[in-house]
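Participant: Sequence and predicted model, in that order:
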Amino acid sequence: MGVTFGSTCDDYFKPWNYQKRLQDVKRVEKHKSKLTPKQIVGRTKVTQFIATQKSHQEFEPILGPFIDKAVVEPLHLANNNWEFLFTELFAYVINSKTVIPSSAKKITDLPKRCCLRKFLSCLKKKVKANRLYNSILRWFREGRKSGIAFHFRFTGQETGLMCNGFS
């Protein structure tokens, strides 16, 4: 959040240059030649050297020069953003003024005015995110009592449904 990806000098994330990667590999190989076999196996000296070079490159990239053609997939960014927004909304709903009785085993056991019940109704009927809805129901039945926090990994399907449901 608050950073950009691109090729200008103001961008935080920049595409990696293949030639620079090859130079980093040569420097690492030169450094390894000065180390004992035991130090190479221990990896600490090697990884420390790579870190001082402000690099992550120890070996030649498998994709070769094609790595320069790699682009950030915006779908993953959208999935992560919707997951973050949903997590915040869900935490707000769970911690709302409505007290969820520990005896409630099903969502239908909650009062109709309960914030969680309204939220789930909207999720199912308006957004039509059935996989997410069923996951919450499963968590409500099984994980809630054992103290496990709800977690759901958003996919492109949920992202699309959330985008359409909130438009």
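Facilitator: Noted; the coordinates are in hand.

Participant: In this structure, which helix is the longest?
Facilitator: helix 74-94 (DSSP state H).

Participant: buried residues in the very next helix or strand once past that helix?
Facilitator: Downstream of helix 74-94, the next assigned helix or strand under DSSP states H and E is helix 115-125. Within helix 115-125, the residues that count as buried by 16 or more other CB atoms under 10 Å are 115, 116, 117, 119, 120, 123, 124. The way it works is simple: take the backbone N, C-alpha and C, and place the C-beta from them, glycine included.

Participant: Toward the C-terminus, what is the element adjacent to helix 115-125?
Facilitator: helix 130-138.

Participant: Please name every helix or strand in contact with that following helix.
Facilitator: On a contact count with 3 or more CB pairs under 8 Å, 6 or more residues apart in numbering; DSSP states H and E, helix 130-138 meets helix 115-125, helix 156-165.

Participant: Output the contacting helices and strands for the longest helix of the chain.
Facilitator: helix 115-125, helix 156-165.

Participant: residue closest to the middle of the chain?
Facilitator: Nearest to the mean C-alpha position of the chain, counting by CA atoms, centre = their mean, stands residue 80 at 5.2 Å.

Participant: Excluding chain neighbours, give the residue nearest to it in space.
Facilitator: Excluding its sequence neighbours, the residue lying closest to residue 80 (CB to CB, 6 or more residues apart in numbering) is residue 154, at 7.4 Å.

Participant: Need phi/psi at that neighbour.
Facilitator: phi -70, psi 140 (degrees, to the nearest 10).

Participant: I'd like the distance between it and residue 111.
Facilitator: 29 Å (CB to CB, to the nearest Å).

Participant: What of residue 119?
Facilitator: The value you get for residue 119 to residue 111, if CB to CB is used, is 13 Å.

Participant: mind checking how far residue 122 is from residue 53?
Facilitator: Distance from residue 122 to residue 53, by CB to CB: 51 Å.

Participant: re the thing from before, point out the one among the helices and strands packed on helix 130-138 that comes closest to residue 61.
Facilitator: helix 156-165 (27.3 Å; CB to CB).

Participant: could I get the closest one in CSV with only the CA atoms?
Facilitator: What follows is helix 156-165, C-alpha atoms only, in CSV (Å, rounded to 0.1, in the frame of the first residue of the first chain):
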residue,chain,number,x,y,z
GLY,A,156,-10.7,-14.6,-8.9
GLN,A,157,-14.2,-15.9,-8.5
GLU,A,158,-14.8,-14.2,-5.1
THR,A,159,-13.1,-11.0,-6.4
GLY,A,160,-15.5,-10.9,-9.3
LEU,A,161,-18.5,-11.5,-7.1
MET,A,162,-17.4,-8.8,-4.6
CYS,A,163,-16.7,-6.3,-7.4
ASN,A,164,-20.2,-6.9,-8.9
GLY,A,165,-21.9,-7.0,-5.6
